[in-house]
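> compute the structure for the input listed below.
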Amino acid sequence: MNRPAWANGPASTLRRARPHCPNCNDMVIAPALSVHVHPDDIRHWWSCEACGYEFMTAVTVANMRAEQYQAQVA
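I've put the predicted structure just below:
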């Protein structure tokens with residue numbers, strides 16, 4: 001099975017820290033909703049299962065081709 005081009009970099013560059021609830025500090029596993037609001041901007045809405053607190057995080061991603069990414073991580 002072929003891996004996607006973005007997955008060929010070192011594993012450490014592919015990991016993202018999972019957020020913790022700002023209210024109770026419990027780790028949240030998956031966003032309730034994720035929306036691509038711009039080609040470079042993704043918003044995640046989270047709901048803490050432990051305390052019910054809801055919050056939003058934003059991720060900015062570089063808009064580049066796989067070849068550019070591979071050259072950057074090599």
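
> distance of I29 from S47?
11 Å (C-beta to C-beta, to the nearest Å). (Each C-beta comes from the backbone N, C-alpha and C, glycine too.)

> give me the more crowded residue out of the two.
Neighbour tally, I29 and S47, criterion other C-beta atoms under 10 Å: the higher count belongs to S47, 15 against 9.

> for A71, report the pLDDT, please.
pLDDT for A71: 65.

> in the chain, which spans are strands?
For the chain, applying DSSP state E gives strands covering 33-38, 41-47, 54-60.

> same for the first one, what does it pack against?
Right, the one you point to is strand 33-38. strand 41-47 (3 or more C-beta pairs under 8 Å, 6 or more residues apart in numbering; DSSP states H and E).

> go through the strand it packs on and flag the buried ones.
Across strand 41-47, burial judged by 16 or more other C-beta atoms under 10 Å covers 42, 44, 46.

> wait, what's in contact with the residue nearest to the first one when sequence neighbours are not counted?
Translated: I42. Take I42 and drop its neighbours on the chain: the residue closest to it by C-beta to C-beta, 6 or more residues apart in numbering is V59, 4.6 Å away. By C-beta atoms under 8 Å, 6 or more residues apart in numbering, the contact set of V59 is 16, 41-44.

> repeat that for M27.
18-21.

> most surrounded residue in those?
Scoring the contacts of M27 on neighbours with other C-beta under 10 Å, the highest-scoring entry is C21 at 19 neighbours.
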